[in-house]
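Engineer: model this:
(chains A and B)
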Amino acid sequence: MTRVAVTLNVMRNAFRAGLADYRAIFTWKSWLAGWYLRVIAQVAFFALIGERLEDDEKTMYLLVGNSIMIAAVVGVFSLNMTTSERGAGTLPLLVASPSSPVVVFSARGAYLAVDGALSALAALAVAGPMFGVSLPWPDVLAVVPLTGLVAVASYCFGTFLAGLVFRFRSVNNLVVVTTHVSLMAACGVNVPLSFYPEPLEWLSRLLPLTNGLLGIRGVFGGADPTTILGDAALEAAVAVAWMTVALATFNRLAARGRRDGSLEFAS
Amino acid sequence: MRAFAAGFRLQLRIIRSDPDYFMPLVPVPLFAVAFLAIIEHAGRRDLAEYALMAPVLIALWALSLSASGEIVQGDRWSGTLEPGVASPSSFPAVVLGRVFAVTSVALFAFVEVWIVGRLLFGIPIEIHHPTAFVLTVLASSAAMAGTATIMAALFVLARSARTFQNSLSYPFYVLGGVLVPVSLLPDWLEPLSAGVFLSWSAGLLRDTLQPDAIRDVPLRLGVILGLGVLGFAAGQLLLHRILRRVRTSGELAAA
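Structural biologist: Residues are numbered from 1 along each chain as shown, chains lettered A, B, ... in the order given. Coordinates of the predicted model:
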């Protein structure tokens, strides 16, 4: 087998293991009654603020922002991959194996990007009509790939962060929660980017949700297709950049932990 | 009462040695920024008390959820559940004391939102009815501890406690009127909302920040406490059933 074929084989098996994990966590009933109910409630929680403000435009802004936010929330859950491996007792085996840890982790958690995009779109499809937000057909179809991009970019960002916190298991949950709320506060989910100081606006452009969400708002607002494509290209660039940084740092950080004995293999 | 106090003291020691318990307090300022930004952008400073109290209630709920999720399950994993159950003290009372200790940590959230409101947005928290405010906070903490006892029991049965924890956040924030009044919910949801103590706590807490006289304070405090007692009774019943089941099935280790 060539090196590429071996890597692809590792990725395929890791992805299948990830799917098996997912099936162990959720049945379709617990997904609908547990996870999906929470997703709808999260979107409704923010959309209701628009209702409270008696402003239909605000309701739409909050509803769209927080629906797409779900894709980012789930994507960033890739941060939990190292924790779950540690909990399952498989982390030492993974670190000791000749395969690259980042290839295994990124492939194993790839289902999160799919789940994130589907959850976000399902939230938009149900919560939209609930709050009287019209989803213009067939323009709304353009939202599907854009949401997918947001989910992938968030997942790449989460994989990068997973490398950073790999050696510091006690802060893992803290980083997940803080990342979620930071994305919500800084990426134009609830208020336009212009509300914040300009440096923060630029910084948020480097985060995985901002550009894709701008593109999606552009679709609903009837923006010029080139503007939407520009936002999509920026979102894709952000995804590639975070995955590149993850690939460049993850294995090095894991190797350093292995050398100095700072990796904790049990939860 | 002694079992409750012992549980409270034990949990305070655990909290001191494990900074993870303070984790739900970390996103509180960010939630406050996100909510205040919405209000400020809409030019509706009159709704500031909603944006300021919501992160506090969210922290209270999140802390209790995380604690209740860990307490019984953690005892089970560490092997301390068996001696705890075998001891003559009431096990649910110990759990209640431990959850109460965790919920008291949520009080730090008030300090956090006060700082964010004051320093970042120039919005001070003015408590116009301090007695009612303190009583509401105490009653809400007690109700949270009672409600969390149900969850402590359910987490033992749940297939994946973390997933279960995740799912119990926003649905209760909506039903509890944490950020918007429950009157905005569809009519069919309002009776459900009345059964969630958060909806009473949120309304009363916001009222304490308004200069107008507050109506029916004793009644509303009574409902919060009553719902907490109901939660504790249900949690106690569930815990007894679960413990009987694991004793009968031999899942409770003997050595």
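Engineer: check contacts around residue A:102.
Structural biologist: Counting by CB atoms under 8 Å, 6 or more residues apart in numbering or on different chains, residue A:102 touches A:159, A:163, A:246-247, A:250-251, A:254. C-beta coordinates here come from the backbone N, C-alpha and C atoms, glycine included.
Engineer: how about it: what's its closest non-neighbour residue?
Structural biologist: Spatially, and ignoring its direct neighbours in sequence, residue A:102 is nearest to residue A:250 (3.7 Å; CB to CB, 6 or more residues apart in numbering or on different chains).
Engineer: so how many other residues sit close to the one you found?
Structural biologist: Neighbour count for residue A:250, taken as other CB atoms under 10 Å in any protein chain shown: 23.
Engineer: so it sits right up against residue A:162, yeah?
Structural biologist: Yes - using CB atoms under 8 Å, residue A:250 is in contact with residue A:162, at 7.3 Å.
Engineer: give me the common contacts of the two.
Structural biologist: Counting by CB under 8 Å, 6+ apart, the residues touching both residue A:250 and residue A:162 are residue A:105.
Engineer: find the nearest non-adjacent residue to residue B:203, please.
Structural biologist: residue B:177 (6.6 Å).
Engineer: next: residue B:149.
Structural biologist: Per CB to CB, 6+ apart, closest to residue B:149 is residue B:235, 2.9 Å.
Engineer: and that neighbour, what does it touch?
Structural biologist: Contacts of residue B:235 by CB under 8 Å, 6+ apart are B:92, B:95, B:146-153.
Engineer: picking up where we left off before, check the gap between the residue nearest to residue B:203 and residue A:184 for me.
Structural biologist: From residue B:177 across to residue A:184, the span is 20 Å (CB to CB, to the nearest Å).
Engineer: okay, these two: which has more neighbours?
Structural biologist: residue B:177 (26 against 23).
Engineer: tell me, how many neighbours does residue A:68 end up with?
Structural biologist: Residue A:68: 31 neighbours (other CB under 10 Å).
Engineer: do the same with the one 5 residues further on
Structural biologist: When counting by other CB under 10 Å, one arrives at 26 neighbours for residue A:73.
Engineer: that one contacts residue A:180, correct?
Structural biologist: Yes - Residue A:73 lies in contact with residue A:180 (CB under 8 Å); the separation is 5.5 Å.
Engineer: now name the helix or strand holding the residue nearest to residue B:149.
Structural biologist: helix B:217-248 (DSSP states H and E).
Engineer: which of the residues in stretch A:8-20 are buried?
Structural biologist: A:10-11, A:14-15, A:18 (16 or more other CB atoms under 10 Å in any protein chain shown).
Engineer: nearest to chain B, of those?
Structural biologist: Taking CB to the nearest CB as the measure, chain B sits nearest to residue A:18 out of these, at 15.0 Å.
Engineer: that closest one touches residue A:113, doesn't it?
Structural biologist: No - with contact defined as CB under 8 Å, residue A:18 does not reach residue A:113; the gap is 10.7 Å.
Engineer: now do the shared contacts for these two.
Structural biologist: What both residue A:18 and residue A:113 touch, as defined by CB under 8 Å, 6+ apart, is an empty set.
Engineer: just to revisit the earlier point, for the residue nearest to residue B:203, helix, strand, or coil?
Structural biologist: coil (DSSP: H, G, I helix; E, B strand; the rest coil).
Engineer: give me the pLDDT for it.
Structural biologist: For residue B:177, the pLDDT comes out at 89.
Engineer: contacting residues around it?
Structural biologist: B:185, B:193, B:198-199, B:202-203.
Engineer: do the same with residue B:91
Structural biologist: B:84-85, B:239, B:243.
Engineer: mind picking the two most distant members of the residues you listed?
Structural biologist: In the contacts of residue B:91, two members sit farther apart than any others by CB to CB. They are B:84 and B:239, at 11.2 Å.
Engineer: who has more neighbours out of the two?
Structural biologist: residue B:239 (22 against 16).
Engineer: quick one: the more buried one and residue A:238, what's the gap?
Structural biologist: According to CB to CB, residue B:239 and residue A:238 sit 48 Å apart.
Engineer: do the same with residue A:224
Structural biologist: 21 Å.
Engineer: quick check: residues of the stretch 101-250 of chain A near chain B?
Structural biologist: Neighbours of chain B within the stretch 101-250 of chain A, by CB under 8 Å from any CB of the partner chain: A:170, A:173-174, A:177-178, A:180-182, A:184-185, A:189-192, A:195-196.
Engineer: what packs against the top helix by length along chain A?
Structural biologist: In chain A, taking DSSP state H as the definition, the longest helix is helix A:225-260. On a contact count with 3 or more CB pairs under 8 Å, 6 or more residues apart in numbering or on different chains; DSSP states H and E, helix A:225-260 meets helix A:101-108, helix A:143-165, helix A:210-220.
Engineer: now tabulate the ones you listed in a markdown table and tack on mean pLDDT and distance to residue B:47.
Structural biologist: Shown next, in a markdown table, are those (pLDDT from 0 to 100; distance: least, CB to CB, whole Å):
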| stretch | mean pLDDT | distance to residue B:47 |
| --- | --- | --- |
| helix A:101-108 | 81 | 43 |
| helix A:143-165 | 91 | 29 |
| helix A:210-220 | 94 | 24 |
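Engineer: hmm, residue B:146 is touching residue B:230, no?
Structural biologist: Yes - using CB under 8 Å, residue B:146 is in contact with residue B:230, at 7.4 Å.
Engineer: looking at the two, which one has more neighbours?
Structural biologist: Counted by other CB under 10 Å, residue B:146 and residue B:230 do not tie: residue B:146 has more neighbours, with 26 against 16.
Engineer: average pLDDT for the helix or strand where the more buried one lies?
Structural biologist: Using DSSP H and E, residue B:146 sits in helix B:130-157. Helix B:130-157 shows a mean pLDDT of 82.
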